[in-house]
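Enquirer: no sequence on hand, only this structure:
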């Protein structure tokens, strides 16, 4: 009984901590809070730790989707379950680095034996170039590297690296006039990033995409109190659309992507998110998958230690 009581107190304390309104240290431009989205990297530099689990059936290469999805050559289509984590750390208030890793379980559609292993490690750099509080806008520059040879070929990890310079943006619509006040909770974010493999025989691709978000939290706290209670008063409904387009002459214009509708709940120290993954076209597949996220705001959890930039 004593152990059960202690456990109940710990769970209650954790829930209470998460339910406190978000502080203004992480993800804010003016009154606008931008969540850390799952499929498209957000434009912020922050101290954060993210965990994402997902499952999706990817199409076979002979349908045109396998190679675009980064699957092993000659694959018959696979069921892929992924577990990803990413740690981001600010070096200065406007410049940060990140390290990511993904563990995969892949099972070919025509076999019962599954393969397990890590994909290549990812290394990222990001610099916040512009933040405009009045118009809720942010613009950042980045550079991501997929480090070839650091993962397992059993799950399709390439032996070559891919370098991706990137432009990130975000814009909230809190500056709309009074007549459109119920559109003020809307916001968009996006990315524009060419993917450049170090192996010449591999095609270059353009990674682009956007999110559309409607913040019930912004509606309730900034536009009008419409009487939303927990947990809806801390939710953000959103759609992510990550897309890749081939840039080489032999595959120019070939595009794959998904449409990911979902929602996120935001607390003071963490957010949780859930999204469906719907193929954008036949080349991207036909089966619906899913993603779930737990994202920790380390700069809010440890504001006087690890959550501080290394250099001010």
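Expert: Structure's in. What do you need? Keep in mind the model is a prediction, meaning the values are calculated, not measured. Numbering: from 1, shown residues only.
Enquirer: tell me which residue is most central in this structure.
Expert: residue 38 (2.6 Å; CA atoms, centre = their mean).
Enquirer: doesn't residue 221 fall inside a strand?
Expert: No. Looking at residue 221 with DSSP: H, G, I helix; E, B strand; the rest coil, it is helix, so not inside a strand.
Enquirer: apart from its chain neighbours, what residue comes closest to residue 136?
Expert: residue 172 (3.1 Å; CB to CB, 6 or more residues apart in numbering). The C-beta positions use only the backbone N, C-alpha and C, and glycine is treated the same way.
Enquirer: about what we covered before: tell me the secondary structure at the residue nearest to the centre of the chain.
Expert: coil.
Enquirer: may I have the phi/psi pair for it?
Expert: Here is the backbone geometry of residue 38 (degrees, to the nearest 10): phi -90, psi -50.
Enquirer: ok, it to residue 86 distance?
Expert: 11 Å (CB to CB, to the nearest Å).
Enquirer: then residue 108?
Expert: Residue 108 is 28 Å from residue 86, by CB to CB.
Enquirer: got a list of contacts for the helix or strand harbouring residue 277?
Expert: If you go by DSSP states H and E, residue 277 is part of strand 270-279. Contacts with strand 270-279, where a contact means CB atoms under 8 Å, 6 or more residues apart in numbering, come from 18, 35-39, 54, 56, 59, 240, 258-265, 285-297.
Enquirer: circling back to that earlier point, who touches the residue nearest to the centre of the chain in this structure?
Expert: 52, 240, 260, 262, 273, 275, 291, 293.
Enquirer: beta partners for the fifth one?
Expert: So that's residue 273. residue 264, residue 293 (DSSP bridges).
Enquirer: can you classify residue 182 by secondary structure?
Expert: helix.
Enquirer: against residue 261, how distant is it?
Expert: Residue 182 is 20 Å from residue 261, by CB to CB.
Enquirer: do residue 273 as well
Expert: Distance from residue 273 to residue 261, by CB to CB: 11 Å.
Enquirer: more neighbours, the two?
Expert: residue 273 (24 against 15; other CB atoms under 10 Å).
Enquirer: what's residue 251 in contact with, if anything?
Expert: Neighbouring residues of residue 251 by CB under 8 Å, 6+ apart: residue 203.
Enquirer: just give the closest residue to residue 162, not the sequence neighbours.
Expert: Counting by CB to CB, 6+ apart, the residue nearest residue 162 is residue 146, at 4.2 Å.
Enquirer: which strand residues bridge that neighbour?
Expert: residue 122, residue 162.
Enquirer: what about it, how many residues nearby?
Expert: 24.
Enquirer: could you do residue 201 as well?
Expert: With other CB under 10 Å as criterion, residue 201 counts 6.
Enquirer: same question for residue 101.
Expert: Other residues close to residue 101 by other CB under 10 Å number 16.
Enquirer: for residue 151, see how far away it is.
Expert: 9 Å.
Enquirer: note down every partner strand of the helix or strand residue 213 falls within and its orientation.
Expert: Here residue 213, judged by DSSP H and E, is contained in strand 205-215. Using DSSP bridges, strand 205-215 pairs in its sheet with strand 186-197 (antiparallel), strand 235-246 (antiparallel).
Enquirer: same question for that strand, mean pLDDT?
Expert: Here strand 205-215 scores 97 as its mean pLDDT.
Enquirer: helix or strand next in line after it, which one?
Expert: As the chain continues past strand 205-215, the following element, by DSSP H and E, is helix 216-218.
Enquirer: show residues contacting that following helix.
Expert: 31-33, 172, 174, 184-185, 228, 232-237, 266.
Enquirer: which of those residues count as buried?
Expert: Among those, those classed as buried by neighbour count (16 or more other CB atoms under 10 Å) are 32-33, 172, 174, 184-185, 232-236, 266.
Enquirer: tabulate these in a markdown table, adding columns for distance to residue 95.
Expert: Formatted as a markdown table, those follow (distance: CB to CB, whole Å):
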| residue | distance to residue 95 |
| --- | --- |
| 32 | 22 |
| 33 | 22 |
| 172 | 23 |
| 174 | 27 |
| 184 | 31 |
| 185 | 30 |
| 232 | 36 |
| 233 | 34 |
| 234 | 30 |
| 235 | 31 |
| 236 | 27 |
| 266 | 25 |
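Enquirer: with those residues in mind, which one is nearest to residue 78?
Expert: The closest of the buried ones among the contacts of helix 216-218 to residue 78 turns out to be residue 236 (CB to CB; 31.8 Å).
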